[in-house]
Every structure is written in structure tokens, then in C-alpha cells.
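Asks: The sequence isn't on hand, but the structure is:
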């Protein structure tokens, strides 16, 4: 029996090309990127839905420990070179594992992202603070882009853009703007 496998081979080659393109983009982006294994979180979400939970915020209000379970359920399994630099790691393996250590300084931001994921929203973006491995706390623009239903998604991508310097400048300018707004207006000279 002879079988024409040209179409299958073309599809496999296209898939390899797409994977290579993704890997190149992921590793060479100028922002920190984490690829997360979300299978355990998807399982937790399915269990909550089976219990009739429709409002995650209300559920977290009654069960605050669930937030840490959710953090532990999202596992970093790949990062790019910029992540290693930004988070003060020696190599990518140091960043692998639970997300809990990064969100200890702003668990409320993680919760808001978790709620959007539970509702099935495809994008979450927020300026927040995260902890680094070398003990710093940095200001970041965190973006999570998701494909598929929240309880089925097995992989998630999260990016972090370091905005620490911008946040520092804004903190310096904020009181100056407030003082300027409270000063009486400067009289303009009369013209003839």
C-alpha cells in the first residue's frame, strides 16, 4: 500500500516553523516573560464551578486560603533571558516553581488577575509590585494573555515590564503637582 503523506509532512513542517518562531520571540523579547503551567489551577477552577461557585471574589472573601493555593497551582516552567536579569536570578532554573514568592508584596493584584481569569477574560493588565529573588521590590506592568476557557487552559503567558524608574519619578512629581495646584494663581501683567 502506498500512501501520500505530503500534506501531513507540510503540516508538521509548518508546526515546527511556528514553534521556532514562538521560541525566538519568547526568548528575545525585551520584557520579562514567564510561561506558566496552569493545569492545577484549571483543575481548582473546575472544582469550584462543580461546587456552584460563580463569584470568585465572594468565594475568596469566605476562603482566603484559596488565594495561596491558586498561587501555588500556577507553576513557572520557562522564562526568557530578560526575566533572569530583572528578577535577579543566576539562571532560569532559579525562577522555576510556584508564583507565591513573586506576589507576596501584592497579593491583591494577583487576586484581581485570578478573578479575571475565572470570569474567562482573555487579558489582564495592571501596574503593581513584585518581589525579586535578590530581595528587591520592583514596580512592573504585569500582563497576562490567555487563550481558551479558564478551566481548560493549561499554559499561560505573563509578561513583566519594569517601570520602577517611572514610578519613582511620578512619586517625586506628585507632591510638586499638588503644591502647584494649591498655589494661588500668578497675576498676569495688564496690557494696554
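Replies: Done, it's in. Since the model is a prediction, treat every value here as computed from it, not as a measurement.

Asks: hey, let's count contacts and neighbours off CA atoms from now on
Replies: Noted.

Asks: so residue 143 is in which element?
Replies: Per DSSP states H and E: residue 143 is located in strand 137-145.

Asks: give the contact list for residue 106.
Replies: 128-130 (Cα atoms under 8 Å, 6 or more residues apart in numbering).

Asks: Pick out the residue nearest the middle of this protein.
Replies: Centroid-nearest residue in the chain: residue 158, 3.6 Å away (criterion: Cα atoms, centre = their mean).

Asks: Spell out the secondary structure type for that one.
Replies: Judged by DSSP: H, G, I helix; E, B strand; the rest coil, the three-state class of residue 158 is strand.

Asks: Then residue 130?
Replies: Per three-state DSSP, residue 130 ends up strand.

Asks: Go ahead and name everything in contact with the helix or strand bottoming out on mean pLDDT in the chain.
Replies: Every helix and strand of the chain was ranked by mean pLDDT, DSSP states H and E. The lowest is helix 164-182, at a mean of 74. The contact list for helix 164-182, computed with Cα under 8 Å, 6+ apart, reads 138-140.

Asks: Which residue, other than its chain neighbours, is closest to the residue nearest to the centre of the chain?
Replies: residue 144 (4.4 Å; Cα to Cα, 6 or more residues apart in numbering).

Asks: any weak-confidence spans in this protein?
Replies: Applying pLDDT under 70 to the chain flags the ranges 1, 22, 24, 147-153, 176-178, 180-181, 183-192.

Asks: quick one: the helices in the chain?
Replies: 6-28, 39-50, 56-62, 65-73, 81-86, 100-103, 107-118, 164-182 (DSSP state H).

Asks: Put together JSON lines for those helices, with mean neighbour count and distance to residue 94 on each row.
Replies: Below are the helices of the chain laid out as JSON lines (neighbours: other Cα atoms under 10 Å; distance: least, Cα to Cα, whole Å):
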{"stretch": "helix 6-28", "mean neighbour count": "12", "distance to residue 94": "16"}
{"stretch": "helix 39-50", "mean neighbour count": "17", "distance to residue 94": "21"}
{"stretch": "helix 56-62", "mean neighbour count": "14", "distance to residue 94": "30"}
{"stretch": "helix 65-73", "mean neighbour count": "17", "distance to residue 94": "16"}
{"stretch": "helix 81-86", "mean neighbour count": "19", "distance to residue 94": "8"}
{"stretch": "helix 100-103", "mean neighbour count": "18", "distance to residue 94": "12"}
{"stretch": "helix 107-118", "mean neighbour count": "19", "distance to residue 94": "21"}
{"stretch": "helix 164-182", "mean neighbour count": "11", "distance to residue 94": "22"}
